[in-house]
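Trainee: quick one: sequence plus predicted model below, questions after.
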Amino acid sequence: YGIGELFIHAIEQGVKKIIVGIGGSATIDGGVGMARACGIKFYDDKGIETGAGGKSMKSISMIDISSLDKRIRACEITVACDVRNVLAGKEGAAFVYGRQKGASDADIIELDNGLKHLADLIRGDLKQSVNELPGGGAAGGMGAGIAAFLNGNLKNGFELIADHAGLDEWIRKADLVITGEGKMDEQTMYGKTPAGVASMAKAANKPVLAFAGSLAGKPGTLTNNKG
């Protein structure tokens, strides 16, 4: 909900172009809370507005965008998103990130079913397909929500910032490349910064050292064809 409030605050200052970075979040709600703050309404099968949070997704029967703040329609929203996870399924927001948010096995299944239900409604009511959108599962499904509800454009966050900073040129000049992350695990390979840095360094034939606060799995397993 707070992200939606920030969008409204920004456009009240006359902002016409927004870049929003999405990654971790405390909730998995497919961006419904953000959409509510922007004026979109969600109703159950009795015509009553549904509640907040991930549990409410399964009770939504209709999405009404008629009250969406018109100023947002005129605003260009770019989503900077490192991870490539889709909205639902085994590679989706609930199964990949649910446990780190405190979800139990039963919670994860319920949340995933809610995300699938939301994707079906978005396809039916808004005529958009978001379930296979790369990055749609970031921040509890916020990526898919911004794309569907606000017509946002998802871009790889690492590439966006690396291009702005001229990182490729800096790497070509370096003898050794150093990167890091709070926790390195299988999620690192889903487009997070160390994976992006390793890919650039590999292309430039530069050695890489990665520092992490903690490491899950054996070091040799945290690689892919990019690093």
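Mentor: Right, received. Where do you want to start?

Trainee: which regions of the protein sit below the pLDDT cut-off?
Mentor: 190-191, 217-227 (pLDDT under 70).

Trainee: let's go with 80 and repeat that
Mentor: Scanning the chain for pLDDT under 80 picks out 23-24, 186-192, 217-227.

Trainee: how about the nearest residue to K16, chain neighbours excluded?
Mentor: C75 (5.8 Å; Cβ to Cβ, 6 or more residues apart in numbering). Yep, even glycine has a C-beta here, placed from its N, CA and C like the rest.

Trainee: and the one you found, how far from A162?
Mentor: To A162, C75 is 25 Å away according to Cβ to Cβ, to the nearest Å.

Trainee: please apply the same query to I63.
Mentor: As judged by Cβ to Cβ, I63 and A162 stand 36 Å apart.

Trainee: quick one: the strands in this structure?
Mentor: Assigned by DSSP state E, the strands in the chain fall at 17-22, 41-43, 62-64, 76-81, 153-156, 177-184, 208-215.

Trainee: to S199, which of these lies closest?
Mentor: Relative to S199, the nearest member of the strands of the chain by Cβ to Cβ is strand 208-215, separated by 9.7 Å.

Trainee: got the angle for the closest one vs strand 177-184?
Mentor: 20 degrees (axes from the mean of the first three to the mean of the last three Cα atoms, to 10 degrees).
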